[in-house]
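> following is a predicted model, sequence given first.
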Amino acid sequence: MLLNQIKNIFKKAKLPLNQLLESAFKGGKLEDYDFIEEQLIIADIGMETADKIIKELKRQAREGIVIGRENLLEILKKIISGILLDPIYPNEAELPLILLVSGINGAGKTTTIGKLANMYEKKGKKVLLGACDTFRAAADEQLKIWSERAKSQIYISKESKDPAAVAYETVSKGIAEGFDIIIIDTAGRMHTNDNLMKEIKKIGTVLRSKFDKPNIFSILVIDSTTGKNALNQAKEFKNVADVDAIFLSKMDGTAKGGNIITIADELKLPISYIGIGEGIDDITGFEKESFIEEII
């Protein structure tokens, strides 16, 4: 069921390569690359990423690797494969595992935390959520709702309003009470708010200084339908949160395949998880090669 759902989503995201093949390499003219680039941009690949792909196609054409329609698709697959890094996942053998989850406002971060908590609960892990979004109204209540859905526990500080302090208290509780997975909500932020962005960085700094070699894995939640401005904001999060991998949210068929390629290229980070719906079970690992096969 889940596999079919993923395939249907990716089929909706196919690149318009039928048109590309009909017009590509007519007589071997270089002008045909303009058409290919246009088709890539139509497929929601950003201009910089599309330009990178075209330059690589031209290079391989000069070297005699691209010889026309016969191997164009295979070459495109290889180029895209080089842009998409292999997924990486947290080390679940070293417990407790601490997941730091960050993302801009509206990216679907709270929903993502609920999905991650549910995923680990179903693996038989004991999960604790840390409500460190102390600046946003009702953030605690929203996270509490998802903790209940995932059948996990949540720590909400009654006194401290400092996000790093709450994160420290959460991890201390998690270690003392034998939790396997500790998920820290670092809160939604806009990258233009320097003080709030510093708070995100402070959380990681405090945890690494107060605990002996903590097993921390930092996840950045990105809306798969995100535009260029949101992508630029995500770059700021990558820097302050020491991000290890991307969780692509809202991958429900409205996002085009090219957008995913651009996200990976712009951020230079692996995509490890995708959220394929609003349900708590709508989460899966990102399989790079399967994705490439489905969209091309």
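That came through fine.
> what's stretch 286-293 in contact with?
10, 77, 80-81, 84-87, 248, 257, 260, 270-274 (CB atoms under 8 Å, 6 or more residues apart in numbering). The C-beta positions use only the backbone N, C-alpha and C, and glycine is treated the same way.
> so how do I select the buried members of the residues you listed in PyMOL?
A single PyMOL command selects the buried members of the contacts of stretch 286-293 (16 or more other CB atoms under 10 Å):
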select buried, resi 10+80+84+85+87+248+257+260+270+271+272+273+274
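> ok, the contacts of stretch 286-293 vs Gly130, which is closest?
Taking CB to CB as the measure, Gly130 lies nearest Tyr273 of the contacts of stretch 286-293, at 19.3 Å.
> just list whatever residues bridge to the closest one.
In this entry, Tyr273 is beta-bridged to Phe247, Gly285, by DSSP bridges.
> ok, it - contacts?
Taking CB under 8 Å, 6+ apart as the test, what Tyr273 contacts is Leu116, Ile219, Ala245, Ile246, Phe247, Leu248, Ile283, Thr284, Gly285, Phe286.
> narrow those to those that are buried.
For the contacts of Tyr273, buried by 16+ other CB under 10 Å: Leu116, Ile219, Ala245, Ile246, Phe247, Leu248, Ile283, Thr284, Phe286.
> and the pLDDT for the nearest residue to the third one once chain neighbours are set aside?
Translated: Ala245. Spatial nearest neighbour of Ala245, chain neighbours left out: Ser272 (3.9 Å); criterion: CB to CB, 6 or more residues apart in numbering. If you check Ser272, the pLDDT there is 96.
> Tyr155: neighbour count?
Tyr155 has 22 neighbours, counted by other CB atoms under 10 Å.
> what's the answer for Lys78, then?
Lys78 is flanked by 14 other residues according to other CB under 10 Å.
> next, give phi and psi for it.
When read as degrees, to the nearest 10, the backbone of Lys78 gives phi -70, psi -40.
> quick one: it and Ala61, what's the gap?
Distance of Lys78 to Ala61, computed by CB to CB, to the nearest Å: 14 Å.
> for Tyr120, same thing?
Distance from Tyr120 to Ala61, by CB to CB: 48 Å.
> now swap in Lys202 and tell me
Distance from Lys202 to Ala61, by CB to CB: 50 Å.
> what do you get for Asn91?
Where Ala61 is concerned, Asn91 sits at a distance of 43 Å (CB to CB).
> and the two? Which one has more around it.
In this view Asn91 and Ala61 are compared by other CB under 10 Å, and Ala61 has more residues nearby, 18 against 10.
> who touches that one in this structure?
Counting by CB under 8 Å, 6+ apart, Ala61 touches no other residue.
> Asp133: neighbour count?
Asp133 has 23 neighbouring residues, counting by other CB under 10 Å.
> could you tell me which ranges of this protein sit under the pLDDT cut-off?
For the chain, applying pLDDT under 70 flags the ranges 1-32, 66-70, 137, 187-193, 253-257.
> where do the helices sit along it?
2-12, 17-23, 32-42, 47-62, 69-83, 109-122, 139-149, 163-176, 194-210, 228-241, 257-267, 288-295 (DSSP state H).
> now the ones you listed in JSON lines, with distance to Ile183?
Shown next, in JSON lines, are the helices of the chain (distance: least, CB to CB, whole Å):
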{"stretch": "helix 2-12", "distance to Ile183": "22"}
{"stretch": "helix 17-23", "distance to Ile183": "39"}
{"stretch": "helix 32-42", "distance to Ile183": "37"}
{"stretch": "helix 47-62", "distance to Ile183": "31"}
{"stretch": "helix 69-83", "distance to Ile183": "29"}
{"stretch": "helix 109-122", "distance to Ile183": "6"}
{"stretch": "helix 139-149", "distance to Ile183": "9"}
{"stretch": "helix 163-176", "distance to Ile183": "9"}
{"stretch": "helix 194-210", "distance to Ile183": "12"}
{"stretch": "helix 228-241", "distance to Ile183": "14"}
{"stretch": "helix 257-267", "distance to Ile183": "21"}
{"stretch": "helix 288-295", "distance to Ile183": "25"}
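> nearest to Leu129 among the ones you listed would be which one?
The nearest among the helices of the chain, by CB to CB, is helix 139-149 at 5.0 Å.
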